[in-house]
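1. give me a model of this one.
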Amino acid sequence: MCGSCARAAGFRTPIPDGFYDDADLRAALARYDFGAVFAAVRAHTGLSQLQLADLLDLSQSRISAVERGERRLTHVKVAARLAGLLRIPPRLLGFPDEAPGSVVAAPEEVSWLERRDFLALVTAATLGSSLHPELTRLGSLLPGEVEPVTRPRIGAADVDAIEAITDGFRRSDFAHGGGLCRAAAITQLHQVRRLEDAVCTPEVRTRLLVAVAELASMAGWMAYDVEDHDAARRLWTYALDTARRAEDHPRSPDLAVDVLLDMAHQALHLHSLDPLAHATRAGEALQLVQLASATAANRRHPVSTITQGYISAVLGWCRAALGEAEPTRRAIGNAQDTYTTADPATTPPWAWFVNDAEITAQQGHSLYLLSLTHPEFAPDAIEKLTTAASGYGAEYERSRAVILPPLASVQFQAGDLAAAVTTGYDAVNAITGLSSTRGYARLRTLDTVAAPHSSQPEVADLREHIRRTLATTAA
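-> Numbering: from 1, shown residues only. Okay, the predicted model is just below:
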C-alpha cells in the first residue's frame, strides 16, 4: 500500500521495508501462522482488529480467533491476498518474488523454458486465472493441436475412461519411457479438453476437470522425458490451471502439488546438465517446491501423506543441489518419517508407483547430488542407489535406468572403478532400451565424471562406448 492508502485505512505508522525480516515473523509466515503476523502488524501500525478486518476483507471475529491461535488461514489464495495487502515478501510464504501479473512482452514468441515470468505464470495458474491474462488462452498454446471429436453429453463412464487411459500412459512411461506414448497422450488431451462444453452434471464436470488436468500432467511428464522442455512447461501450466478450476474435488490439491514438484524435477535436471550455465535453475526448483508446500497448506482438502513425503523428498534434492548438507539431511529424514506413516489402506490409487525402491531412490538421489560438493556422502549415496536399482521390477525399468548413471558416477567419485565400469555398461544398455532421451543427458554427465580416470583401459573403453552410443542417438 502507498502512504496515502495506508493512512486512509487507519495506519498511524506504515509498514516499513524489512519489517518481516524479524526471525519470529519469518518463522510464523513459514508455517502460515498469521496470528503472530496480525498482532505484530497491529502493534506497529496502530490498527484495531476491526480496522485490520476491514482492510483484509475478513470479519473482526475471525481476526480475533486467528490472533488467539484458534483458527488458521491456510488457503493459498488467502495467503496471496494478505501478502499483497500487508507488504509481506512473497518468498516468505513460498511464492516467487515476481508479481503474479507481470508479463514478458509477446510471450507467445518466447521459449517457455527461458521466459522471465515463468514462476509468476505458474503462481497465477495455481492461485487463479484473474492474476494473469495469458491463462485464458492456455488451451490454444498447447503443442500438437488436432481436430477434436465433439460430444453433446457425457457421463461418469466417460470420465472413468479418461482416467483409465491416463493410468495406461503412466504405466507405459514407467516401464518404457515417455517417447512411445507422448504423441498419443497429447492427441488424447486435445480430444478430452473439448468435452468441457458437453452437457453433464456438476459432479461429472468437476471429475472431468481433474481427469483432464491429470492427463495434461502426464503428457507434460512425457514431453520432459524426451527433453521437450518447452512443451512440458506449457502442458504442466495448463494442468495447474485446470486443477485449480476443480478445487472442490479432493484430488485437486494433490494434483497441483505433484505438478509443481514435477516442474522442480525438470529445473533440477536442467541444473545438472550444466550447473554453471544454469546456476539459477536450482533456485528456481526451490521456489517451485516452496510454492508446492504453500499449496499443500490448503486444509479444505489435505494432500495425501504420499504427497507430503514427496514434497520433503524434492526439497532434499533442491538443498543437495545447492550444496546444503544439514538441510538436505533434515529433508531426507522428514520424507522418510512421513512415508512411514502412510497407511496402505488409505493410499490413493494414483500413488501405486511410490514403493520402497522409489523412496530409496529419492534418498539416494539427494545423497548423490550432495556428494558432488561433499564427497563424504558418496558411500551413503552408493548404498541407497544400489538398493533402489535392485528393488525396481520390470514395470519400473525407466526408473531403474535413470538412476544407474548417477550410481556409476558416485562409484567413480568413491574410487571404486571396477564397480563404476560395470554399472556404466549396465546404464548404457538400460537407457538405450528406453523411449526416453532424458537418460542420455545423464550418460553425458557420466562420461565427464569418468574422464579423470581415462588412463585405466577399462574406463577408456567405457567412455568410448558411451560416446558411440551418444553419437548414434544424435544421428
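2. pLDDT below threshold where in the protein?
-> Counting by pLDDT under 70, the chain contains low-confidence ranges at 1-12, 74-77, 94-150, 274-279, 298-299, 474-475.
3. again, only using 80
-> Judged against pLDDT under 80, the low-scoring parts of the chain cover residues 1-14, 30-32, 72-84, 90-151, 273-279, 298-300, 344-350, 352, 473-475.
4. and the residue nearest the centre of it?
-> The chain has residue 261 as the residue nearest its centroid, 1.4 Å off, counting by CA atoms, centre = their mean.
5. hmm, residue 316 and that residue touching each other?
-> No - using CB atoms under 8 Å, residue 261 makes no contact with residue 316, being 11.8 Å away. (Glycine included, C-beta is placed from N, CA and C.)
6. which stretches of the stretch 251-400 of the chain form helices?
-> 251-273, 279-296, 305-321, 325-341, 356-371, 378-391, 397-414 (DSSP state H, counting those that start in this stretch).
7. give me every residue that touches the residue nearest to the centre of the chain.
-> Taking CB atoms under 8 Å, 6 or more residues apart in numbering as the criterion, residue 261 is in contact with 288, 289, 292, 310, 311, 314.
8. was I right about the first one contacting residue 262?
-> No - between residue 288 and residue 262 there is no contact under CB under 8 Å: 9.1 Å.
9. and these two? Which one has more around it.
-> residue 288 (28 against 21; other CB atoms under 10 Å).
10. how close does residue 206 sit to residue 213?
-> Using CB to CB, to the nearest Å, residue 206 is found at 11 Å from residue 213.
11. how about residue 41?
-> For residue 41 relative to residue 213 (CB to CB), the value is 36 Å.
12. so between those two, which is more surrounded?
-> Neighbour totals were compared for residue 41 and residue 213, and residue 213 leads with 28 against 25 (other CB under 10 Å).
13. do I have it right that that one meets residue 247?
-> No - shown here, residue 213 and residue 247 do not form a contact pair, counting by CB under 8 Å, at 10.8 Å.
14. what residues are up against the nearest residue to residue 351 once chain neighbours are set aside?
-> Nearest residue to residue 351 in three dimensions, chain neighbours excluded: residue 306, at 4.4 Å (CB to CB, 6 or more residues apart in numbering). Listed by CB under 8 Å, 6+ apart, the contact partners of residue 306 are 339, 342, 347, 348, 351, 354.
15. just the buried ones among the residues you listed, please.
-> 339, 342, 351, 354 (16 or more other CB atoms under 10 Å).
16. closest to residue 158 among those residues?
-> Among the buried ones among the contacts of residue 306, residue 351 lies closest to residue 158 (CB to CB), at 23.9 Å.
17. secondary structure element holding the closest residue to residue 432 other than its chain neighbours?
-> Nearest residue to residue 432, sequence neighbours excluded (CB to CB, 6+ apart): residue 469, at 6.2 Å. In this assignment (DSSP states H and E), residue 469 forms part of helix 457-474.
18. buried sites along that helix?
-> Using 16+ other CB under 10 Å as the test for burial, helix 457-474 gives 459, 462, 463, 465, 466, 469, 470.
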